[in-house]
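Novice: Here is my input; please provide its structure:
(one chain, ligands or ions: 1)
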Amino acid sequence: MERKIQIGLLGVGTVGSGVLETVLNNIDTVEIKKIAEKDLSKVKQYPELSQSLFTDNVQELINDPDIKIFVELIGGINPAFDFIKQAIQNKKHIVTANKELIAKRGKELFQLAEENNVVILYEAAVAGGIPIIMPLKQSLSANKITRIAGILNGTTNYILTKMEQEGASFEEVLKEAQNKGYAEADPTADVKGYDAGYKTAILASLAFNKNIDINSVYKEGIDRISPVDIGYANEFGYKIKLIGLVQNDEDESIDVRVHPMLVPKDYSISRIDGVLNAILIEGHPVKRVMFSGPGAGKFPTASSVVGDILCLANEINVADYPLPMMRFGKNRKDAKIKDIKETINKYYIRVTALNTPGVIGDLGTICGKNSINLHGIVQKEILEDGSARIILLTELAKEKDVQQAVKDMAENPKIKEVNNLIRVME
Ligand code: HSE
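Specialist: Numbers count the residues shown, from 1 in each chain. Coordinates of the predicted model:
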C-alpha cells in the first residue's frame, strides 16, 4: 500500500482548526504528522488526539524529513516568511492561506520554491472557499483576460449591505459588526481596502503572469461611504460595492486597484450581499464568468486549504516534478502598473453648494474646462441649513482631470463641500 503523505500544520486558529477537523473527519489519504501552535492551550480542544501530535516548536516540522507538505496558517509576514523559507529550503511543498505574504513577498518565495523544485499553493488566500486560483491558472488559461472585478472582502460587503438595508452610518454598522464578532477589533485592513488589495494583486499576477508590486496598487476603503450615497446610487440604478479591479490596457500597463464603485443593479455581482464574495472574470473566448461563495470562515477556507493539500499529495505520489500549472514559472516579469491618475472611469460626485443662481452653471463650466463630459447633473434636495445637495454623473473621463475638477469645485465660493467621489463600473 502507498504510504500516506505526511503533512505539518502550523497554526490551529480558526482556519487551522477547520483544516485539522476536515482532515481527521473526511480524508484518509494524508496524515497530519505534527502540529505547531505557539498557544498550546488550544490543544485542549482536541482531547481525543495524542498530545505528542502538538508542539510549540515549528522547527520540529521544518526539520522533519517525513513531512512533505508544510501548511502555514498563522497569517502575517513575520515569522511566517522565515518559516516558509526554511521549509522550502528543506524541500517541502507549501500550502498557505496567507494573502498578505503572497502579495508582499510572493516573488521571492516563488523563486526560492522553483530553485528547490517545490511548489507553493494558496487557493485559500483569495476569496476563502471560492476556487479561483486553480481556475485562473488552469481552466481559464486559454483566455486573454480583459477584466476581473471582485468583491473580495466579506467584512466590507457585510457593512455596505447593512448600511443599505438599515440606512445606518458606516460607524454604526462597523460597531455592530464588531460587537457580533463579524468585524475584527482592528478593522483597518478590511475597511481601508488593504485585504482586498492583497487579493486583487494576487488575481492580477495570475491573470497576466506578471509580478505585481503591491505598493503600486491603489487602495481606497469604504469609510467615506455614507447612507446618502447608497440611497442616491440606488435611485440611479446602482449598488455601492468595494471592488478589486484588474484590467489590461492597450499600452501594456495593468490597471490594478481597489475602491468603492457604483455597480449597475443589472450586473449579477451587484447582488452579492452580506459576507459573500464574488469574482467576475471577462476574457476571450469565455466572455464572462462569475464565481461566488463564502470568502472566509473556518470550513469554507479549510475546503480550499485541504483541496491544495490533496492536489499536492496526489502529485507527490506519482511524480518527482509537480504539474507545471502549479508552478510559478521562470523569468516572470514585473508588471507596469497604471497610475490611478491615468485611469479612465465614469464618476459619481456629490456636492453641497449654496442655493444661489449659477451653481449648476459653475459646476458644468468646471467640468467642461477639465474635459469632463457630464452624463447628468441633478439638484436632489435643500438641506436644513439652506444649502443644496447636487449629484453629478460623468461619462468616461480621466482620473487626473476629475481630480482637478474636484479641486476647482472646492475652490469655488458657491461650493461648500465636495462630499464624495465614487467611480462607476461600466
Ligand atoms: N477579513 C477578510 C474578510 C477575510 O472580511 O473577507 C480574510 O481575508
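
Novice: for this protein, what are the low-confidence residue spans?
Specialist: 1-2, 321-322, 324-325, 329 (pLDDT under 70).

Novice: quick one: the helices in it?
Specialist: All helices of the chain, identified by DSSP state H, fall at 14-26, 59-62, 80-89, 99-115, 133-134, 154-166, 170-179, 188-191, 194-208, 227-235, 298-318, 359-369, 399-411.

Novice: out of these, nearest to G244?
Specialist: Nearest to G244, of all these, is helix 194-208, at 3.2 Å by C-beta to C-beta. Every C-beta, even on glycine, is put in place using the N, C-alpha and C of the backbone.

Novice: Would you point out which residue is most central in this structure?
Specialist: In the chain, the residue lying closest to the centroid (C-alpha atoms, centre = their mean) is A196, at 2.8 Å.

Novice: ok, V263 - contacts?
Specialist: With contacts defined as C-beta atoms under 8 Å, 6 or more residues apart in numbering, V263 is in contact with 238-241, 243, 269-270, 425.

Novice: go on, I88?
Specialist: 94, 109, 112-113, 116, 118, 120.

Novice: For it, give its distance to I133.
Specialist: Distance, I88 to I133, using C-beta to C-beta, to the nearest Å: 19 Å.

Novice: Check M425 too.
Specialist: M425 is 24 Å from I133, by C-beta to C-beta.

Novice: Likewise for V402?
Specialist: Distance from V402 to I133, counting by C-beta to C-beta: 34 Å.

Novice: Tell me the residues of the stretch 1-150 of the chain that contact the ligand?
Specialist: K99 (C-beta under 6 Å from any ligand atom).

Novice: Single out the residue in the stretch 1-150 of the chain that lies closest to the ligand.
Specialist: K99 (6.0 Å; C-beta to the nearest ligand atom).

Novice: Please name the residues that touch that residue.
Specialist: By C-beta under 8 Å, 6+ apart, K99 lies in contact with 122, 125-126, 195, 198-199, 202.

Novice: Show the buried residues in those.
Specialist: Using 16 or more other C-beta atoms under 10 Å as the burial test, those include 122, 125-126, 195, 198-199, 202 as buried.

Novice: Which pair of those spans the longest distance?
Specialist: Between any two of those, the greatest separation by C-beta to C-beta is 14.6 Å, found for Y122 and D195.

Novice: got the buried residues for stretch 188-205?
Specialist: 189-205.

Novice: Which entries in these are shared with the contacts of the ligand?
Specialist: 190, 195.

Novice: Pull up the gap between the residue lying closest to A103 once chain neighbours are set aside and P227, please.
Specialist: Once flanking residues are discounted, A103 sits nearest to Y198: 3.7 Å by C-beta to C-beta, 6 or more residues apart in numbering. Relative to P227, Y198 is positioned 28 Å away (C-beta to C-beta).

Novice: same deal with D308?
Specialist: 40 Å.

Novice: Which residue ranges make up the domains of the protein?
Specialist: Domain assignment for the chain, taken from automatic domain parsing, gives 5-129+298-326, 133-294, 341-424.

Novice: For D334, which of those domains is the nearest?
Specialist: domain 133-294 (4.7 Å).

Novice: Could you report the neighbour count for the closest residue to the ligand within the stretch 251-400 of the chain?
Specialist: In the stretch 251-400 of the chain, the residue that lies nearest the ligand is A296 (3.7 Å; C-beta to the nearest ligand atom). For A296, the count of nearby residues is 21 (other C-beta atoms under 10 Å).

Novice: for it, what are its contacts?
Specialist: Contacts of A296 by C-beta under 8 Å, 6+ apart are 128, 154, 275, 277.

Novice: so of those, which ones are in strands?
Specialist: Of the contacts of A296, the ones assigned to strands by DSSP state E are N277.

Novice: Find the pair from the contacts of A296 with maximum spatial separation.
Specialist: The most widely separated members of these, counting by C-beta to C-beta, are G128 and V275 (9.7 Å).

Novice: shared neighbours, those two?
Specialist: 154, 294-297.

Novice: Columns distance to N370 on top of those residues, output as CSV?
Specialist: Shown next, in CSV, are the shared contacts of G128 and V275 (distance: C-beta to C-beta, whole Å):
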residue, distance to N370
G154, 37
P294, 43
G295, 38
A296, 41
G297, 45
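
Novice: Of those residues - the most surrounded one?
Specialist: That'd be G295 among the shared contacts of G128 and V275, by other C-beta under 10 Å, with 28 neighbours.

Novice: Enumerate every residue touching that one.
Specialist: 127-130, 151-154, 275-277.

Novice: Go through those residues and single out the one with the most neighbours.
Specialist: That'd be A127 among these, by other C-beta under 10 Å, with 33 neighbours.

Novice: From K298, how far out is that residue?
Specialist: Noted for A127: a distance of 15 Å to K298, by C-beta to C-beta.

Novice: before we move on, back to that, out of the shared contacts of G128 and V275, which comes closest to L421?
Specialist: G154 (25.3 Å).

Novice: For the closest one, which non-adjacent residue is spatially closest?
Specialist: Distance criterion C-beta to C-beta, 6+ apart; nearest residue to G154, sequence neighbours excluded, is V275 at 3.7 Å.

Novice: Spit out the contact partners of that neighbour.
Specialist: 154-155, 157-158, 182, 294-297.

Novice: Pull up the gap between it and T156, please.
Specialist: 10 Å.

Novice: May I have the residues that are in contact with S169?
Specialist: Taking C-beta under 8 Å, 6+ apart as the test, what S169 contacts is 163, 226-227.

Novice: Could you identify which of these has the most neighbours?
Specialist: Most crowded among the contacts of S169, counting by other C-beta under 10 Å, is M163 at 23 neighbours.

Novice: Next, count neighbours for the residue lying closest to Q247 once chain neighbours are set aside.
Specialist: Nearest residue to Q247, sequence neighbours excluded (C-beta to C-beta, 6+ apart): D255, at 4.3 Å. Neighbourhood size, D255 [other C-beta under 10 Å]: 21.

Novice: And for G75?
Specialist: G75 has 15 neighbouring residues, counting by other C-beta under 10 Å.

Novice: end-to-end on stretch 49-61?
Specialist: Start to finish, the residues bounding stretch 49-61 are 18 Å apart (C-alpha to C-alpha, to the nearest Å).

Novice: With stretch 205-220 instead?
Specialist: 20 Å.

Novice: how much space is there between the residue of the stretch 1-150 of the chain closest to the ligand and Y198?
Specialist: Counting by C-beta to C-beta, the gap from K99 to Y198 is 4 Å.

Novice: Common neighbours of those two, please.
Specialist: What both K99 and Y198 touch, as defined by C-beta under 8 Å, 6+ apart, is the set A125.
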